[in-house]
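Trainee: Fold the following.
(chains A and B)
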Protein chains: 2
Amino acid sequence: MKQDGRTVRIVDVARVAGVSPGTVSKALNDSGSLRPATRERVRAVAEQLGFVSDAGARALSMRRTFIVGLLSTDDVGRFSLPVMLGAENALTVGEISTLLATARRDSVREQHHLRSLIARRVDGIIVTGKATDARQPLRVPVPVVYALTPSAGPDDMSVVPDDAAGMRLIVDHLRTLGHRRVAHVGGRADRHASRVRLESLRAALAAAGMELVGPPLFGEWSEPWGRQAADLVLRETAPGALPVTAVVCASDQLARAVGDRLRERGVRVPHDIAVTGYDNWDVMWEASRPQLTTVDMELETIGRRAAERLLAAITAGPDDAPPGGVELVPPRLVVRGSTIAGD
Amino acid sequence: MKQDGRTVRIVDVARVAGVSPGTVSKALNDSGSLRPATRERVRAVAEQLGFVSDAGARALSMRRTFIVGLLSTDDVGRFSLPVMLGAENALTVGEISTLLATARRDSVREQHHLRSLIARRVDGIIVTGKATDARQPLRVPVPVVYALTPSAGPDDMSVVPDDAAGMRLIVDHLRTLGHRRVAHVGGRADRHASRVRLESLRAALAAAGMELVGPPLFGEWSEPWGRQAADLVLRETAPGALPVTAVVCASDQLARAVGDRLRERGVRVPHDIAVTGYDNWDVMWEASRPQLTTVDMELETIGRRAAERLLAAITAGPDDAPPGGVELVPPRLVVRGSTIAGD
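Mentor: Residues are numbered from 1 along each chain as shown, chains lettered A, B, ... in the order given. Predicted coordinates:
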């Protein structure tokens, strides 16, 4: 639209380009037979004037609305937000608009949103949640991709972080640094991420000939619990004999708290005990002393991949749908001062 | 829609209710003359069958799309997110769908989003940013309300937190507790919030007969800076004579760091020095020892009010537009252990 707020119409483009409105329409919709030079000139004029074709009309002609629903199951938080932004970014690149729908853990609200999205005739839906625990599949007549929070239906399309790979990265890093005896501080025991990370930690430690010392410690995803857990790790310590040389934490929040408590107890990080986090959450790793070695789950990539798979399914149509299944997005190790001195 | 994914049509409702499709339409659109009992029965059947009126058709008949654009200027962060969720919630209650558009500090991207929103014929736009520094107004042919980040145009509709009132709440609380000498730890000096909060702090302290000790300390919105600032506050301290009895911080992140550093220096919070935050950010106030007395800006309310003003402007139409101007949303004091012992 122009600076004065008046919308540029197709007749404006036609007048400036010196063609008929019908020719403008053909040029912009890639339909009809036009000379390439004409098509190019019309497009250049339309671009110059800031002409926007009527998305509604375009959608009607292609039987698509070019709108995708973005449904969050829970309150949007620091995990689902980057996923949603990654998806929105990829959809914007694909010239798709994004309808936002937050269900806030309320199934009535979720059903309301779904009816509304279907009434809007969205081309597809991306579903996110705040954790990797599987959720019930949606029953809707359009393609759906689940991001971060996978569908319980094995044939659905889901994109999730590869937490097992993340723990292997941590163990491999600690092994390289010479650690052999490791403790684990987790958050809530009932979470899928907690189970996957512990299992992967155990397997990776066993494969590396390293030892998990003491029981895995589960509690809350909070700093107070992290500080308490650090005391538990040190409980068995005889003077001069630390029980472990590294504490692997299931989140940056826990790792930050473990580091704080170790310092308060006179234990030097990383010289006496190394500490690792999970999430690469700037608020936590920047404030930690020293800053945290951690794993980045690549949440924006998870959102982007979900959008890409959804667009592929929309383009393919119901009779030629791409295969479902869970896609694991590889995480990235970020090394900082909590495992390597001098950072 | 039904569980099998088939959309319930208006004829389905008509058949079950034993009326004509035209009667269904009148009952659901509140148009025409129908007996109240008929209207009620049709509505009950529609509800029971999960019938959704075609939003597109409804929009066409009322010359509205019932879609609002939600444009964020910056990356969406912990301040803009609750504003956006508050707006989305209020719009959902009003049966309005929300198109998400994140500009990520990129003006080209913002222009692209605006063209796309206008092409979608949104009824209006809510604009948010991550800070209270004013932004250039949008030039679009639909109503706009600015939330959290106000428009530089004085006649535009903006909804922002009342930071001056927040600082007055803090000072009044400290005065009641008997504090007289106060230091201020701020974040970035070039921010509008920093200026407003300092000015309001100065005025409130003067009015209460209290003293701002030392220069206001500005740096970053980070914990490392907060810890450094705590050292600066204590710099002038003669043994046994603390320079101040309270440190008023411009964020919870700063207050948490100030509290950590004071404890490390052997200063007891709140017995020796009370500490106050700003934001009521759970990640920070929950982890602080003791937990933080702080100010809640009511960010969701800001989003909700923005949505309500936008809907009022849309309903009124261009010839009867409600007045513009900045609406200040009152904040809320939250008292915890960092100012009152025993929490």
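Trainee: what about the strands in the stretch 101-250 of chain A?
Mentor: Assigned by DSSP state E, counting those that start in this stretch, the strands in the stretch 101-250 of chain A fall at A:124-128, A:144-147, A:157-161, A:181-185, A:211-212, A:246-249.
Trainee: what lines up beside the shortest one in the sheet?
Mentor: In the sheet containing strand A:211-212, the strands it pairs with under DSSP bridges are strand A:181-185 (parallel).
Trainee: now do the last one
Mentor: With DSSP bridges as the criterion, the sheet partners recorded for strand A:246-249 are strand A:181-185 (parallel), strand A:274-276 (parallel).
Trainee: out of these, deepest packed?
Mentor: Of those, the one with the most neighbours on average (mean count of other C-beta atoms under 10 Å in any protein chain shown) is strand A:274-276, at a mean of 29. Where C-beta positions appear, they are placed from N, C-alpha and C, glycine not excepted.
Trainee: Give the rounded mean pLDDT of stretch A:132-142.
Mentor: In this model, stretch A:132-142 has a mean pLDDT of 94.
Trainee: Then stretch A:274-283?
Mentor: Stretch A:274-283 carries an average pLDDT of 97.
Trainee: Could you give me the buried positions within stretch A:314-332?
Mentor: For stretch A:314-332, the neighbour count (16 or more other C-beta atoms under 10 Å in any protein chain shown) marks A:314, A:324, A:327, A:329, A:331 as buried.
Trainee: What sits closest to the second one if chain neighbours are left out?
Mentor: Translated: residue A:324. Ranked by C-beta to C-beta, 6 or more residues apart in numbering or on different chains and with sequence neighbours excluded, the top spatial neighbour of residue A:324 is residue A:155, at 4.3 Å.
Trainee: thinking again about what came up before, distance to residue B:319 added to the strands of the stretch 101-250 of chain A, as JSON lines?
Mentor: Shown next, in JSON lines, are the strands of the stretch 101-250 of chain A (distance: least, C-beta to C-beta, whole Å):
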{"stretch": "strand A:124-128", "distance to residue B:319": "38"}
{"stretch": "strand A:144-147", "distance to residue B:319": "43"}
{"stretch": "strand A:157-161", "distance to residue B:319": "48"}
{"stretch": "strand A:181-185", "distance to residue B:319": "63"}
{"stretch": "strand A:211-212", "distance to residue B:319": "72"}
{"stretch": "strand A:246-249", "distance to residue B:319": "61"}
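Trainee: Buried deepest among those strands, which one?
Mentor: With neighbours defined as mean count of other C-beta under 10 Å, the strands of the stretch 101-250 of chain A peak in mean count at strand A:246-249, which reaches a mean of 29.
Trainee: just the CA coordinates of it, formatted as PDB?
Mentor: What follows is strand A:246-249, C-alpha atoms only, in PDB (Å, rounded to 0.1, in the frame of the first residue of the first chain):
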ATOM      1  CA  ALA A 246      31.300 -34.100  37.300                       C
ATOM      2  CA  VAL A 247      27.600 -33.400  37.900                       C
ATOM      3  CA  VAL A 248      25.400 -33.800  34.800                       C
ATOM      4  CA  CYS A 249      22.300 -31.700  35.200                       C
END
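Trainee: Tell me, how many residues neighbour the residue nearest to residue A:324?
Mentor: For residue A:155, the neighbour count with other C-beta atoms under 10 Å in any protein chain shown is 10.
Trainee: List the contacts of the closest residue to chain B within the stretch 101-250 of chain A.
Mentor: Closest approach between the stretch 101-250 of chain A and chain B, counting by C-beta to the nearest C-beta: residue A:223, at 3.7 Å. Applying C-beta atoms under 8 Å, 6 or more residues apart in numbering or on different chains, we find residue A:223 in contact with A:253, A:254, A:256, A:257, A:260, B:286, B:287.
Trainee: For the stretch 1-150 of chain A, which segments count as helices?
Mentor: A:10-17, A:21-29, A:36-49, A:55-62, A:80-93, A:107-119 (DSSP state H, counting those that start in this stretch).
Trainee: Only the buried residues of the first one, if you could.
Mentor: Pointing back at helix A:10-17 there. For helix A:10-17, using 16+ other C-beta under 10 Å, the buried residues are A:10, A:12, A:13, A:14, A:16, A:17.
Trainee: again with the second one
Mentor: Going by neighbour count (16+ other C-beta under 10 Å), the buried part of helix A:21-29 is A:23, A:24, A:25, A:26, A:27, A:28.
Trainee: from those residues, which is closest to chain B?
Mentor: Nearest to chain B among the buried residues of helix A:21-29: residue A:28, at 12.4 Å, using C-beta to the nearest C-beta.
Trainee: Identify the bridge partners of residue A:185.
Mentor: Legend: beta-bridge partners of residue A:185 under DSSP bridges are residue A:217, residue A:249.
Trainee: Hmm, it is touching residue A:228, no?
Mentor: No. Judged on C-beta atoms under 8 Å, residue A:185 makes no contact with residue A:228 at a distance of 9.5 Å.
Trainee: re earlier: dump the buried residues of helix A:21-29 to JSON lines, plus distance to residue A:139.
Mentor: Formatted as JSON lines, the buried residues of helix A:21-29 follow (distance: C-beta to C-beta, whole Å):
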{"residue": "A:23", "distance to residue A:139": "46"}
{"residue": "A:24", "distance to residue A:139": "43"}
{"residue": "A:25", "distance to residue A:139": "39"}
{"residue": "A:26", "distance to residue A:139": "41"}
{"residue": "A:27", "distance to residue A:139": "42"}
{"residue": "A:28", "distance to residue A:139": "38"}
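Trainee: Dump the residues you listed to JSON lines, plus distance to residue A:85 and pLDDT.
Mentor: Below are these laid out as JSON lines (distance: C-beta to C-beta, whole Å; pLDDT from 0 to 100):
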{"residue": "A:23", "distance to residue A:85": "40", "pLDDT": "86"}
{"residue": "A:24", "distance to residue A:85": "35", "pLDDT": "83"}
{"residue": "A:25", "distance to residue A:85": "35", "pLDDT": "78"}
{"residue": "A:26", "distance to residue A:85": "37", "pLDDT": "79"}
{"residue": "A:27", "distance to residue A:85": "34", "pLDDT": "81"}
{"residue": "A:28", "distance to residue A:85": "30", "pLDDT": "75"}
